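Colleague: When you get a sec, could you give me coordinates for this:
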Amino acid sequence: MTLNVALTGNIGAGKSTVTQLLAEWGATIIDADRITRELQQSGSPVFQRIVERFGRVVVDSAGNLNRAALRSLVLADPAALHGLNAIVHPAVAERRAELEAAARSRGDPIVINDIPLLFEVGRPEAFDRVILVEAPDAIRRARLAARGLPGEDVDRLLRAQIPSEVKRGRSDIVIDNSGTLDDLHAATSRAWQALQRAATPDA
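Modeller: Down below sits the predicted model:
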């Protein structure tokens, strides 16, 4: 049996750290952001459709996707964001399904699907468990600012996602990342132990 788990969290919540810990402990990771970057490589069908939709302004001098320019465009225009999602997300979902099937065929016990926009554009009900990583807005804003994102982009990124308190009620496990790194490690360890029990119910 393969336990198929979705891991999500609003931007700046610390989901990447949780994913890294779960990978170290033996989970198979399917990273939606990594798949997106692969599908958006120069010359790919997804890349071509994005350029057709948004123009050469989203292509840098080396001929690659200018992610910062694209982000600015879609955060300022809901219709543009919808258009980008319509291009990218079906292709990501198809590739993710292929990787899930490969994990099942190998007999991998726990697969973690790292999906930032699970509730916004995904299907939470398609997974055996949903894990939400959350942190207060003030902490997430500080983390995003530390990455060098302009304040206006931070505001737009936060507004683009469903509030964490809404997602909480639809999640099976909630990991609070408002404390220290040790706190996060302990909370993630508890979540991992719960997943292991679910993956081996007869043990």
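
Colleague: For the rest of this, base every contact and every neighbour count on C-alpha atoms.
Modeller: OK.

Colleague: Please name the nearest non-neighbouring residue to residue 70.
Modeller: By the measure of C-alpha to C-alpha, 6 or more residues apart in numbering, the closest residue to residue 70 outside its immediate chain neighbours is residue 58, 5.5 Å from it.

Colleague: contacting residues for the one you found?
Modeller: 51, 65, 66, 67, 69, 70 (C-alpha atoms under 8 Å, 6 or more residues apart in numbering).

Colleague: Nearest residue to the fourth one in space, please, no chain neighbours.
Modeller: Excluding the flanking residues, the one nearest residue 67 by C-alpha to C-alpha, 6+ apart is residue 58, at 7.1 Å.

Colleague: From residue 108, how far out is the spatially most central residue of the chain?
Modeller: If you average the C-alpha coordinates of the chain and look for the closest C-alpha using C-alpha atoms, centre = their mean, you land on residue 116, 2.4 Å from that point. When C-alpha to C-alpha, to the nearest Å is the yardstick, residue 116 and residue 108 sit 22 Å from each other.

Colleague: got it, and residue 146?
Modeller: Shown here: residue 146 relative to residue 108, a distance of 36 Å by C-alpha to C-alpha.

Colleague: Comparing the two, which residue is more hemmed in?
Modeller: It is residue 108, of residue 146 and residue 108, that has more neighbours when counted by other C-alpha atoms under 10 Å, with 17 against 10.

Colleague: Assign a three-state SS to that one, would you?
Modeller: Using DSSP: H, G, I helix; E, B strand; the rest coil as the criterion, the local structure at residue 108 reads coil.

Colleague: and if you look at residue 6?
Modeller: Applying three-state DSSP: residue 6 is strand.

Colleague: Provide a list of residues in contact with it.
Modeller: Taking C-alpha under 8 Å, 6+ apart, we find residue 6 in contact with 112, 113, 114, 115, 118, 124, 127, 128, 129, 130, 131.

Colleague: re the thing from before, can you flag the buried ones in the contacts of residue 58?
Modeller: Of the members of these, the ones counted as buried by neighbours, 16 or more other C-alpha atoms under 10 Å, are 51, 65, 70.

Colleague: So what touches the helix or strand bottoming out on mean pLDDT in the chain?
Modeller: Lowest on mean pLDDT, DSSP states H and E among the helices and strands of the chain sits helix 151-159, with a mean of 82. By C-alpha under 8 Å, 6+ apart, the list of residues contacting helix 151-159 from outside reads 10, 11, 72, 75, 76, 141, 144, 145.
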